[in-house]
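# predicted model and sequence below, questions to follow.
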Amino acid sequence: MKILLSSILMRGNKLEGLFVVLYWTCLAVFLGGIIGSLSAGFLFSLGKVNSIRESNPNLIFFLPIAGVFIVFLFEKYGQSLQKGTDLIITEFHSPNKKLPFRFVPFVWLGTLLTHLFGGSSGREGTAVQMGAATADQMYHLLTPKKPELRRLFLAIGVSAGFGSVFGTPLAGMVFAMELFSRGIAITRSLYPCLVSSITADLICRLYGVHHTNFPNLPSISLNPFSILQVAIVGMLFGVCAFSYTFVMDGFQKVFQPIKDQPYKKAFVLCILLLGLCLIIDGRMYLGLGISTIENSFNMGMGPFDFFWKLLFTAITLSAGLKGGEVTPLFFIGACLGNALFALFDLPLSLLAGLGMISVFIGASNTPLAGIVMGIELFGTGISIPLAISVIFAYLSSGEKGIYHSQTIDSPKHIFYSKSNQNEIKDPEQT
């Protein structure tokens, strides 16, 4: 030990490196603690409003009014926040303004109102945006103004938000890397992102937050036939992810004539969602749908449940309501995997788990995060089939994803040309 300490003290560069590690450790723990506390409060309140909605089904009739109010809130007081996670990605690459702290209460309140009155959305968008906004506030308060430092802070905030809201700290770290730059991981921020994500998750659990417990999925015998089946279902999950982004783009095009009338657009789409819910008795497609996701692992579901959830979520978010997209994508993928059980000689729970992760990564273009998340949620026994399904879903989901400002450092494969690659977009111009 003495020799080690002497060596560190005799070499200034190593001592400097030690202080750098200590600095980022303390900072990541500090930010992870704050963001973990925010995530815990958000998850508690989200669980409460979903319970209230389930106990009072008639609240759905007030969705059009709530939708208009949410859009009014952001149009009047938070117009710069409208692009959500895409705004964070753009600020990461082209710093322009500090992310306002009102990001936190606005997206929190907007998500709660969306779920209370029956919108179909998730939670990770809210947690990621709250985490990034909090980290950006600390960057402007504590450090010299250097773009590289700011990128580190934003990545720390995203990883802590994502890791704490799902209880998957390793996936939170990797998600932050892939979110900002698809194709090449931003490895220099791995350590602080890992520390902040683990801290935020631990803080969440200390508050008593209970994440969904999924079963360890069964391993399968790997042979050419089983590998081929997993590859095929992976491609089907990728096509489903592509369909989701296609439907989202379709709503934008259909409502382009009233783009400058956001209240009218919100009201019309909320009326459409309300009508669909009443016609098909679609209450199971409202909110997060966690119970349906859990059921898809051990019992038969409707063959079109994935489609209805896809449509309900696209309508909700196209109307301008708030929340994330990952949990609805989990629902869509798990139900699609459940439906495919009739066609493939693979275990039901395995298909549901592969679908849950693969549709998410196909839409978000974050394959490494998906693989890590699947292992954290379902155990290491499915590592190889999970990786196969995720990769084929990623390759077959198209170039466009749910994060339009995500940069592409390299195309998915040779069939995509440079001309198809996404570019950074100014959220004020889209």
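Nice, I can see it.
# residues near P224, how many?
The local packing of P224 (other C-beta atoms under 10 Å) involves 7 other residues. Just so you know, the C-beta spots here come from the backbone N, C-alpha and C atoms, and that holds for glycine as well.
# which residues touch L274?
60-61, 63-64, 118 (C-beta atoms under 8 Å, 6 or more residues apart in numbering).
# how about it, secondary structure?
Following DSSP: H, G, I helix; E, B strand; the rest coil, the label given to L274 is helix.
# and the nearest residue to I384 once chain neighbours are set aside, how far is that from V49?
Excluding the flanking residues, the one nearest I384 by C-beta to C-beta, 6 or more residues apart in numbering is L222, at 6.2 Å. In this view, L222 and V49 are 44 Å apart by C-beta to C-beta, to the nearest Å.
# more neighbours, these two?
V49 (18 against 12).
# element containing the more buried one?
Using DSSP states H and E, V49 falls within helix 12-55.
# follow-up on the earlier one: name the nearest of the contacts of L274 relative to P257.
P64 (19.7 Å; C-beta to C-beta).
# based on its surroundings, how many neighbours for S291?
As a measure of burial, S291 has 12 neighbours, counting by other C-beta under 10 Å.
# quick check, pLDDT for it.
Looking at S291, its pLDDT is 92.
# can you pull the phi/psi pair for the nearest residue to S383 once chain neighbours are set aside?
Sequence neighbours aside, I375 is the residue nearest to S383 in space, at 6.0 Å (criterion: C-beta to C-beta, 6+ apart). In terms of degrees, to the nearest 10, the main-chain angles of I375 are phi -70, psi -40.
# does C193 touch L170 like I think?
No - contact criterion C-beta atoms under 8 Å: C193 and L170 do not qualify, at 10.1 Å.
# of the two, give the one with the bigger neighbour count.
C193 (30 against 18).
# who's in contact with the more buried one?
Counted by C-beta under 8 Å, 6+ apart, C193 has contacts 28, 155-156, 158-160, 172-173, 176-177.
# 10 Å instead?
24, 28, 32, 152, 155-160, 162-163, 169, 172-177, 186 (C-beta atoms under 10 Å, 6 or more residues apart in numbering).
# and if you look at V174?
Contacts of V174 by C-beta under 10 Å, 6+ apart are 159, 162-163, 168, 185, 190, 193-194, 197, 366-373.
# quick one: mean pLDDT for the strand or helix carrying it?
Element membership for V174 (DSSP H and E) is helix 169-180. In this model, helix 169-180 has an average pLDDT of 90.
# overlap of the contact sets of C193 and L170?
159, 163.
# and the helix holding V49 with helix 169-180, angle?
Put simply, helix 12-55 runs at 100 degrees to helix 169-180, going by axes from the mean of the first three to the mean of the last three C-alpha atoms, to 10 degrees.
# buried residues in the next helix or strand after helix 12-55?
As assigned by DSSP H and E, the chain's next helix or strand after helix 12-55 is helix 63-77. Using 16 or more other C-beta atoms under 10 Å as the test for burial, helix 63-77 gives 63-64, 66-68, 70-71, 73-74.
# what packs against helix 63-77?
With contacts defined as 3 or more C-beta pairs under 10 Å, 6 or more residues apart in numbering; DSSP states H and E, the packing partners of helix 63-77 are helix 103-116, helix 262-280.
# quick check: I220 vs P328, distance?
28 Å.
# the two: who's more crowded?
In this view I220 and P328 are compared by other C-beta under 10 Å, and P328 has more residues nearby, 30 against 18.
# tell me the confidence at S7?
Looking at S7, the pLDDT reads 40.
# again, but for S80
pLDDT, S80: 75.
# tell me the contacts of it?
74, 87, 96-97, 99-100, 102-103, 427-428.
# related to what we said a few turns ago, quick one: closest of the helices and strands packed on helix 63-77 to G401.
helix 103-116 (20.2 Å).
# other SSEs contacting that closest one?
Looks like helix 103-116 contacts helix 12-55, helix 63-77, helix 85-93, helix 124-142, helix 305-318 (3+ C-beta pairs under 10 Å, 6+ apart).
# and that helix, how far out from the chain middle?
16 Å (C-alpha atoms, centre = their mean, to the nearest Å).
# repeat for stretch 402-409
Distance, centroid of stretch 402-409 to centroid of chain: 14 Å (C-alpha atoms, centre = their mean).
# quick thing: my sequence starts at 432, can you match it?
Sounds good: first residue 432 from here, last item stretch 833-840.
# no further questions, thank you.
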